[in-house]
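here are the coordinates; sequence isn't available:
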């Protein structure tokens, strides 16, 4: 299970590159497969649309069980709102005996049927933050606004808890065709606890075609154009703007004021 | 400002590698410099101990202002409890006119004095999670237990809010020589809201010498051996163990039970 990072091959790790070069097959959402197409020209490719992810991961597991190696590709990191969790859930449901690459000896002893390696990638929360400045330089909470698999009342409860405890808040999946109002609802909840001019960073398609980076005040968040390729960074009470950058201090300014800073 | 990821060159991005090869100077904490030493043999190296970070970043900025290029190196991602925030704070305090690489034309027009690029890296929350399985596959909160620059009562408030709203919780800096009791205090707060057998993943030195990965129940967290190279992952109410893995489901099991899963 491979994280390809934001998408540009410049941000792929050597380990991800090497494994993609050596596997027999590659499975992934069509958009992500296209991002790494030059690296996997000669591979058996299982690419399907966004909603057919269970089918795709099951097919990848079947290939691996048949004795071939198969990479499951996610953009960003495979463990953050991506394919790794689903693959483990399917293995558990089917009682597949999986082991990590670190436990090969034990695998042979225990007749494991599948060896799984997760190759981490640069997640959207880091690629997006890097284009804004340093918005995540203190405690933060990461919340997906997709209620496809999570009850909306739990999502609201998490937004409120994170806002009240002054976390920087990173929102994944801020909007889809089906859901137009979630981001505005989130904004209203956060405005109860945070100043209306709190900086909000909006990053679309970081390090990809169509990249767009903006910083707006929280009071204007409902007017921002966002899509499913957008990550939203809502500052804490300490976050500030300097020139084109959004920064959350770690506290040096307070601690060392009068001293070096 | 470069994130080198967990430390092994296998997880360095191509962009980080290229920039490290071309800069005139490299600044960083001695331990991180040592991880990339083979890549930067011929460079001017500014390496200092952990507590002299302000001095180090100021020296790096001075080199850049003198017309030479200088990389500031962080392990993981440079924007998560690392050097990027501090560098921006210093630039603001000194009123240095900084621009991003995307705005070179504007930079010339505005006579900018410093061009800053943040190169994201794989953060410890992703490298650690990849060794555990998929613990972060749903909403999570990231909290540092270091009270060197943050009041402890704010840290406690954040732990409580995250525990109450059922976030997976990632703890950075769980312990140091000076602070022995913080992790146990965090455990007590979280136990008020979460089952005593909630899985907790403990990862020491991911992808580095001395790597250690364990999963223990929350009730035993106070007995775990942790240090400043440790990241702690506390499961949500939905997290579970399967064989040697810790997994937080995204909800597929619930949604599709009776169907494919």
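Cool, got the structure. Since the structure is predicted, the reported quantities are computational estimates derived from the model, not experimental observations.

all helices for the stretch 51-200 of chain A, in order.
Under the criterion DSSP state H, counting those that start in this stretch, helices of the stretch 51-200 of chain A are mapped to A:53-65, A:83-93, A:104-109, A:124-132, A:152-164, A:182-191.

Highest average neighbour count across the ones you listed: which stretch is it?
helix A:124-132 (a mean of 29; mean count of other Cβ atoms under 10 Å in any protein chain shown). Backbone N, C-alpha and C define where each C-beta goes, glycine included.

So what's the gap between it and the chain middle?
11 Å (Cα atoms, centre = their mean, to the nearest Å).

Could you do stretch A:216-235 as well?
Averaged over its C-alpha atoms, stretch A:216-235 has a centre that lies 17 Å from its chain's centre (Cα atoms, centre = their mean).

I'd like the distance between residue A:226 and chain B.
Note on residue A:226: its distance to chain B, by Cβ to the nearest Cβ, to the nearest Å, is 18 Å.

neighbours around that residue, how many?
Other residues within reach of residue A:226 by the criterion other Cβ atoms under 10 Å in any protein chain shown amount to 19.

separation between it and residue B:128?
Taking Cβ to Cβ, to the nearest Å as the measure, residue A:226 and residue B:128 are separated by 30 Å.

likewise residue A:165?
23 Å.

Also residue A:86?
Distance from residue A:86 to residue B:128, counting by Cβ to Cβ: 20 Å.

One more: residue A:141?
According to Cβ to Cβ, residue A:141 and residue B:128 sit 18 Å apart.

Please enumerate the strands of the stretch 151-261 of chain A.
Using DSSP state E, counting those that start in this stretch, the strands found in the stretch 151-261 of chain A span residues A:168-172, A:199-204, A:212-217, A:230-234, A:240-242, A:245-247.

Direction included, what does the third one pair against?
In this case it means strand A:212-217. For strand A:212-217, sheet partners with direction are given as strand A:199-204 (antiparallel), following DSSP bridges.

cool, the fourth one as well?
With DSSP bridges as the criterion, the sheet partners recorded for strand A:230-234 are strand A:168-172 (antiparallel), strand A:199-204 (antiparallel).

how far is the longest one from where the chain is centred?
Meaning strand A:199-204. Using Cα atoms, centre = their mean, the offset of strand A:199-204 from its chain centre is 15 Å.

Same check on stretch A:166-176?
Counting by Cα atoms, centre = their mean, stretch A:166-176 comes out at 11 Å from the chain centroid.

end-to-end on that stretch?
For stretch A:166-176, the first and last residues are 27 Å from each other (Cα to Cα, to the nearest Å).

Same question for stretch A:142-155.
Terminal residues of stretch A:142-155 lie 11 Å apart, using Cα to Cα.

Check which residues of that stretch are buried.
Buried residues in stretch A:142-155, counting neighbours by 16 or more other Cβ atoms under 10 Å in any protein chain shown, are found at A:142-147, A:149-150, A:154-155.

In terms of mean pLDDT, which of the helices of the stretch 51-200 of chain A ranks lowest?
When the helices of the stretch 51-200 of chain A are ranked by mean pLDDT, helix A:104-109 comes last with a mean of 68.

Strands of the stretch 1-150 of chain A, residue ranges please.
In the stretch 1-150 of chain A, the segments counted as strands under DSSP E, counting those that start in this stretch are A:2-3, A:25-29, A:44-48, A:70-74, A:98-99, A:114-115, A:133-134, A:140-144.

before we move on, back to that, compile the strands of the stretch 151-261 of chain A into JSON lines and extend it with columns for distance to residue A:57.
As requested, the strands of the stretch 151-261 of chain A are arranged in JSON lines below (distance: least, Cβ to Cβ, whole Å):
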{"stretch": "strand A:168-172", "distance to residue A:57": "19"}
{"stretch": "strand A:199-204", "distance to residue A:57": "27"}
{"stretch": "strand A:212-217", "distance to residue A:57": "31"}
{"stretch": "strand A:230-234", "distance to residue A:57": "24"}
{"stretch": "strand A:240-242", "distance to residue A:57": "41"}
{"stretch": "strand A:245-247", "distance to residue A:57": "36"}
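
Select, out of those, the one closest to residue A:9.
For those, the distance to residue A:9 is smallest for strand A:199-204, at 19.5 Å, taking Cβ to Cβ.

What is the neighbour count of residue A:68?
Counted with other Cβ under 10 Å, the neighbours of residue A:68 add up to 12.

From chain B, how far off is it?
Computed as Cβ to the nearest Cβ, the residue A:68 to chain B distance reads 22 Å.

need the strands of the stretch 151-261 of chain A in JSON lines with mean pLDDT and mean neighbour count, can you?
Putting those into JSON lines (pLDDT from 0 to 100; neighbours: other Cβ atoms under 10 Å in any protein chain shown) gives the following:
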{"stretch": "strand A:168-172", "mean pLDDT": "98", "mean neighbour count": "25"}
{"stretch": "strand A:199-204", "mean pLDDT": "98", "mean neighbour count": "24"}
{"stretch": "strand A:212-217", "mean pLDDT": "97", "mean neighbour count": "15"}
{"stretch": "strand A:230-234", "mean pLDDT": "98", "mean neighbour count": "25"}
{"stretch": "strand A:240-242", "mean pLDDT": "96", "mean neighbour count": "17"}
{"stretch": "strand A:245-247", "mean pLDDT": "97", "mean neighbour count": "25"}
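
Residue A:1 - nearest residue in space that isn't next to it in sequence?
Nearest-residue entry for residue A:1: residue A:78, 4.4 Å, with adjacent residues in sequence omitted and distances by Cβ to Cβ, 6 or more residues apart in numbering or on different chains.

same thing with residue A:165?
Spatial nearest neighbour of residue A:165, excluding adjacent residues (Cβ to Cβ, 6+ apart): residue B:161 at 3.5 Å.

how about the one you found, what does it touch?
Taking Cβ atoms under 8 Å, 6 or more residues apart in numbering or on different chains as the definition of contact, the neighbours of residue B:161 are A:161-162, A:164-165, A:167, B:141.

Same check on residue A:129?
With contact set as Cβ under 8 Å, 6+ apart, residue A:129 has these partners: A:135-136, A:201, A:233, B:77, B:79, B:118, B:120.
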